[in-house]
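>>> Based on what follows, work out the 3D shape:
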Amino acid sequence: MKYAIFMFALAAALFSGGCRREDIREMTVSMPSLKETDKQTVYKVLSRYQGVLKDSFVWDLQAKTLTLSYDSMKVAQANIRYAIDEAGIKVSFPVKTTDRAGY
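Sure, this is the predicted structure:
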């Protein structure tokens with residue numbers, strides 16, 4: 001009986017701490033045709049995604065980029081890029097994607 005209780009306690013301890021609940025990452029999206037008027041469109045489109053941290057948006061209109069943070073356990077980089085692209089704002093996708101997670 002003591003052995004069964006010990007094994008149950010050990011299993012509970014091992015499985016309770018190993019689950020990641022969030023994985024916050026940062027990404028930069030390059031949009032060659034980005035204009036000031038596109039910012040609101042992008043914000044509105046990305047607001048639909050639960051994993052996008054909307055207060056993390058950093059716009060660089062000269063470089064035509066948006067840097068943002070997101071939870072990779074809820075949304076992938078590819079989803080973010082495709083959402084912007086489907087909203088009519090051209091996005092530069094990475095050229096080599098076979099060895100990079102999230103693209």
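>>> Please make it C-alpha for all contacts and neighbour counts, starting now.
Noted.
>>> Stretch 58-71 - what's its average pLDDT?
What stretch 58-71 shows for mean pLDDT is 96.
>>> What are the boundaries of the helices in the protein?
2-16, 38-46, 77-86 (DSSP state H).
>>> Sketch out the low-pLDDT regions of this structure for me.
1-20, 95-103 (pLDDT under 70).
>>> and the spatially closest residue to Ile24 that is not a sequence neighbour, how many neighbours?
The shortest distance from Ile24 to any residue other than its chain neighbours is 4.4 Å, reached at Asp71 (CA to CA, 6 or more residues apart in numbering). By the criterion of other CA atoms under 10 Å, Asp71 has 18 neighbours.
>>> ok, now Glu36?
11.
>>> what do you get for Lys54?
16.
>>> Go ahead and confirm it touches Ser47.
Yes - assessed by CA atoms under 8 Å, Lys54 is found in contact with Ser47 at 6.8 Å.
>>> Okay, the residue nearest the centre of the chain and Ser56: tell me how far apart.
Most central in the chain under CA atoms, centre = their mean is Tyr70, positioned 3.5 Å from the mean C-alpha point. To Ser56, Tyr70 is 9 Å away according to CA to CA, to the nearest Å.
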